[in-house]
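Novice: With the input below, show me the fold.
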Amino acid sequence: MYQILKQIIKTGIKTEAPPLADESLRAGEQRLQQKVLEVFGSALNIRLVDAGSCNGCELEIHAVNNAYYNLEGLGIKFVASPRHADLLLVTGSVSRHMEVALKRTYDAIPEPKLVVALGDCGCNGGIFGESYASLGRVSNVIPVDVVVAGCPPTPVEIMQGILTAVSCKK
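Specialist: Numbers count the residues shown, from 1 in each chain. Sure thing, here's the model as predicted:
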């Protein structure tokens, strides 16, 4: 224990440092905002559905919402109603009791709609696979536009998946 405390005093507590200012990143943000406005006519609204995950992906999604990644600064926000959403973000392998709810949520989203399957469970069923209690991957239930692999994927990978889905539309 003493060695750990000594190491902390010596090096300090390391946290994520904000990215350095880069003009190309600012230009990329502006292009992204323009693309979102072009495709959807307003900010991108995301509806999150946990179809049977372990909540590892949800923790990373919460990290995407913090000030460090500033998702709302790009004009992207999470909404409670699928009727207000443009993109459906699904985590976990789809459990049998969530099949109908997931289909109804997908049907309630107005066109043009996008679907992003998040995490290894959403992409390929993960450790749960297909069984008596699980239907496996999200694409077994609804059409998927983009998959983001990882267990769980990092916030940057989640943002890349969302941005890939938006840039592929139209």
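Novice: Show me the shaky parts of this structure.
Specialist: 13-42, 169-170 (pLDDT under 70).
Novice: What segments of it are helices?
Specialist: Secondary structure of the chain by DSSP state H: the helices cover 2-11, 23-40, 56-64, 99-108, 119-124, 155-168.
Novice: Please tabulate these in TSV, including the columns mean neighbour count and distance to residue 83.
Specialist: Glycine gets a C-beta too; all of them are placed from N, C-alpha and C. Converted to TSV, the helices of the chain look like this (neighbours: other CB atoms under 10 Å; distance: least, CB to CB, whole Å):
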stretch	mean neighbour count	distance to residue 83
helix 2-11	8	49
helix 23-40	13	14
helix 56-64	18	21
helix 99-108	15	5
helix 119-124	25	23
helix 155-168	18	19
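Novice: so which of these gets nearest residue 131?
Specialist: helix 119-124 (12.5 Å; CB to CB).
Novice: Mind putting the helices of the chain into CSV with distance to residue 135?
Specialist: Shown next, in CSV, are the helices of the chain (distance: least, CB to CB, whole Å):
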stretch, distance to residue 135
helix 2-11, 45
helix 23-40, 29
helix 56-64, 17
helix 99-108, 6
helix 119-124, 11
helix 155-168, 21
